[in-house]
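**Q** Kindly return the folded structure for what I paste below:
(one chain, ligands or ions: 2)
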Amino acid sequence: MAKIILSCAITGSIHTPSMSPYLPVTPEQIAAHSIGAADAGAAILHLHARDALTGRPSARPDNFMAFLPQIKAGCDAVINLSTGGSAVMPLHERIAGPMAAEPEMCSLNMGTMNFALYPMLGKRTDWQHDWEEPFLRDSDDLVFKNTPRDIEGVLRLMGAERGARFEFECYDLGHLYMLAHFRDRGLVQGPLFIQFVMGVLGGVAAEPEHLVHLKTTADRLFGKDYLFSTLAAGRQQMPMALVSASLGGHVRVGLEDNLYISKGVLARSNAEQVTKLRGMLEELGHSLATPDEARAMLGLKGQGAVAF
Ligand code: KMH
Ligand code: ZN
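**A** Residues are numbered from 1 along each chain as shown. Ligands and ions are numbered 1, 2, ... in the order given. Have a look, this model is predicted:
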């Protein structure tokens, strides 16, 4: 069996600080969680930044630079920066940090879509910060914008000009056809790394049948010139990671997509989720790729070629 690349998405921009005391928000917390996840077996760290005081999602270069050198000094995992930032940010804001940091990898969301977070409001009233409740509530009228022009811009600024390779985030079948369109135009080259994103309200639900169909379609469109990984938001995170591995794919966990370690129990760290999934995968006979093995599989430029 081929080695599995385990990505860990450390903090993201979906969850807010009031939802879990363990969500890392300060640069120190983000660095410590990242190094812990790498030590536990994550080959790739998918990173967003936050404002240290309020925990609000940010993509400002100074917020990224407050933790990137510490993570690089503390582990050899591949650093993968989000260009999705948060759906409330315009594109120029979302890519400011990644453009300054010139990472080995960055995410690229393959379409414009709804990104509805308001079901997470629940019955909570004890918000720590003023921004949290309206941030979630107003997502019932929020469009995450990545038009073909936006996608082409990120491919040029981050790929052609800065040598990053991409985690192509595909939330639905149409996103695969958009990726094939850019392949046909010669703007993306293999091996492509596709992240199937399941369980976001606005994208496909986290159901095994959908994953099989996404993979079958990607097989037809990209043949042997791609690898896939799967993330499922919320409680389907671990089950869908196991389905992904069983289908020959790679896996992603992390507090960005799920705050829990088991039913009703908050994960105390990203490393806890990595350790749990690693144990289940190893029980099934899989083994994890090291960061350097992941670099070779994905054709990355290397840690020496980043700007932090
Ligand atoms: N949190 C995922 C559902 C990005 O950073 O570009 C989406 C994500 C997007 O990871
Ligand atoms: Zn992300």
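**Q** Surely Ala43 and Ile79 touch.
**A** No: between Ala43 and Ile79 there is no contact under C-beta atoms under 8 Å: 11.0 Å. Where you see a C-beta, it was placed from the backbone N, CA and C, and this is true even at glycine.
**Q** Tell me the confidence at the residue of the chain found nearest ligand 2?
**A** Residue nearest to ligand 2 within the chain (C-beta to the ion): Ser82, separated by 4.1 Å. pLDDT for Ser82: 99.
**Q** Quick check: residues of the stretch 201-308 of the chain near ligand 1?
**A** The stretch 201-308 of the chain comes close to ligand 1 at residues Ala233, Glu256, Asp257, as judged by C-beta under 6 Å from any ligand atom.
**Q** what's the distance between the nearest residue to the last one once chain neighbours are set aside and Gln303?
**A** Distance criterion C-beta to C-beta, 6 or more residues apart in numbering; nearest residue to Asp257, sequence neighbours excluded, is Ala233 at 4.7 Å. Look at Ala233 and Gln303: by C-beta to C-beta, to the nearest Å, they are 29 Å apart.
**Q** Comparing those two, which shows the higher neighbour count?
**A** More crowded of Ala233 and Gln303, by other C-beta atoms under 10 Å: Ala233, with 19 against 16.
**Q** how about that one, what does it touch?
**A** Ile14, Val197, Met198, Gly199, Val200, Ala206, Asp257, Asn258 (C-beta atoms under 8 Å, 6 or more residues apart in numbering).
**Q** List the backbone torsions phi and psi for the third one.
**A** Yep, that's Met198 we're talking about. Reported as degrees, to the nearest 10, the phi and psi values for Met198 are phi -120, psi 150.
**Q** Check the spacing between it and Ala66 real quick.
**A** Taken as C-beta to C-beta, the span from Met198 to Ala66 is 31 Å.
**Q** The two: which is more packed in?
**A** Met198 (28 against 18).
**Q** That one and Leu211 touch, don't they?
**A** Yes: with contact taken as C-beta under 8 Å, Met198 and Leu211 are classed as touching, separated by 6.9 Å.
**Q** related to what we said a few turns ago, turn the residues of the stretch 201-308 of the chain next to ligand 1 into CSV, including distance to Gly223 and pLDDT.
**A** As requested, these are arranged in CSV below (distance: C-beta to C-beta, whole Å; pLDDT from 0 to 100):
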residue, distance to Gly223, pLDDT
Ala233, 29, 98
Glu256, 30, 98
Asp257, 29, 98
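**Q** Just send those back as CSV, with secondary structure too.
**A** As requested, those are exported to CSV (DSSP: H, G, I helix; E, B strand; the rest coil):
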residue, secondary structure
Ala233, coil
Glu256, coil
Asp257, coil
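**Q** What confidence value was assigned to Arg252?
**A** On the pLDDT scale, Arg252 gets 99.
**Q** Could you please name the strands the helix or strand harbouring it pairs with and the direction of each pair?
**A** Assigned by DSSP states H and E, Arg252 belongs to strand 250-253. Take DSSP bridges as the rule and strand 250-253 pairs in its sheet with strand 6-9 (parallel), strand 226-232 (parallel).
**Q** could you pull out the helices for this structure?
**A** 27-40, 61-65, 68-74, 91-94, 96-101, 132-137, 148-154, 173-184, 208-222, 237-246, 270-283, 291-298 (DSSP state H).
**Q** Can you tell me the number of residues neighbouring Leu187?
**A** Neighbours around Leu187, by other C-beta under 10 Å: 14.
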